[in-house]
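Novice: got a predicted structure here, sequence first:
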Amino acid sequence: MFRVTREIEFCYGHRLLNYEGKCRHLHGHNGRAVITLEGSALDQRGMLVDFAEIKRKVQNWIDENLDHTLLLCREDPLLPVLKQRGERVFVMDCNPTAENIARLIYDRARAAGLPVTEVVLWETAHCCSTYAPGS
């Protein structure tokens, strides 16, 4: 089995609804997504997937949609105000936890046709969440 991994750094803000800790307030992170792809065969170049393809399909999407953007739940009462003020907001159907952001990036990579098996989202230098279906 072959595996390739690409790390993507991005900055984002969020807040959590229905949460009593500090993260209920708007705050930001210097996040790092670690995307792992896996497969049993290499292409004619001897590659599972070209790192440039991961960049084109996933990093560019993160740069355009998540980097320097507030990630908020669709039900967040601040959403209409922030949109009206022209702030960059990415709307999620769920609470923008590290777990849900990892799954969001996984789903994007999978939809782009990449054989992704796992996404680890490092929210801080000491805290991360992993999404890997079936594990």
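Specialist: Nice, thanks for sending it over. Numbering: from 1, shown residues only.

Novice: just the strands in the protein please.
Specialist: 2-14, 27-39, 69-73, 89-92, 116-122, 128-131 (DSSP state E).

Novice: so what's the residue nearest the centre of the chain up against?
Specialist: Nearest to the geometric centre of the chain sits I105, at 3.7 Å (CA atoms, centre = their mean). Going by CB atoms under 8 Å, 6 or more residues apart in numbering, I105 touches A33, I35, V58, I62, V119, L121, Y131. To be clear about C-beta, it is placed using only N, CA and C from the backbone, and glycine gets the same treatment.

Novice: dump the residues you listed into CSV; add pLDDT and neighbour count as well.
Specialist: Formatted as CSV, the contacts of I105 follow (pLDDT from 0 to 100; neighbours: other CB atoms under 10 Å):
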residue, pLDDT, neighbour count
A33, 98, 24
I35, 98, 25
V58, 97, 23
I62, 98, 21
V119, 98, 25
L121, 98, 26
Y131, 98, 20
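
Novice: farthest-separated two in these?
Specialist: I62 and Y131 (14.8 Å; CB to CB).

Novice: what's the single longest helix in this protein?
Specialist: helix 98-111 (DSSP state H).

Novice: buried ones in that helix?
Specialist: Residues of helix 98-111 classed as buried by neighbour count (16 or more other CB atoms under 10 Å): A98, N100, I101, A102, R103, L104, I105, Y106, R108, A109.

Novice: before we move on, what about stretch 126-135?
Specialist: So stretch 126-135, judged by 16+ other CB under 10 Å, has buried residues C128, S129, T130, Y131.

Novice: make a markdown table from these and add distance to L16 to it.
Specialist: Below are the buried residues of stretch 126-135 laid out as a markdown table (distance: CB to CB, whole Å):
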| residue | distance to L16 |
| --- | --- |
| C128 | 17 |
| S129 | 13 |
| T130 | 19 |
| Y131 | 17 |
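
Novice: ok, the residue with the largest distance to the centre of the chain to D50 distance?
Specialist: Here the centre of the chain is the reference, and by CA atoms, centre = their mean the most remote residue is Q44, at 30.2 Å. Distance, Q44 to D50, by CB to CB, to the nearest Å: 12 Å.

Novice: which stretches of the protein aren't confidently modelled?
Specialist: Applying pLDDT under 70 to the chain flags the ranges 135.
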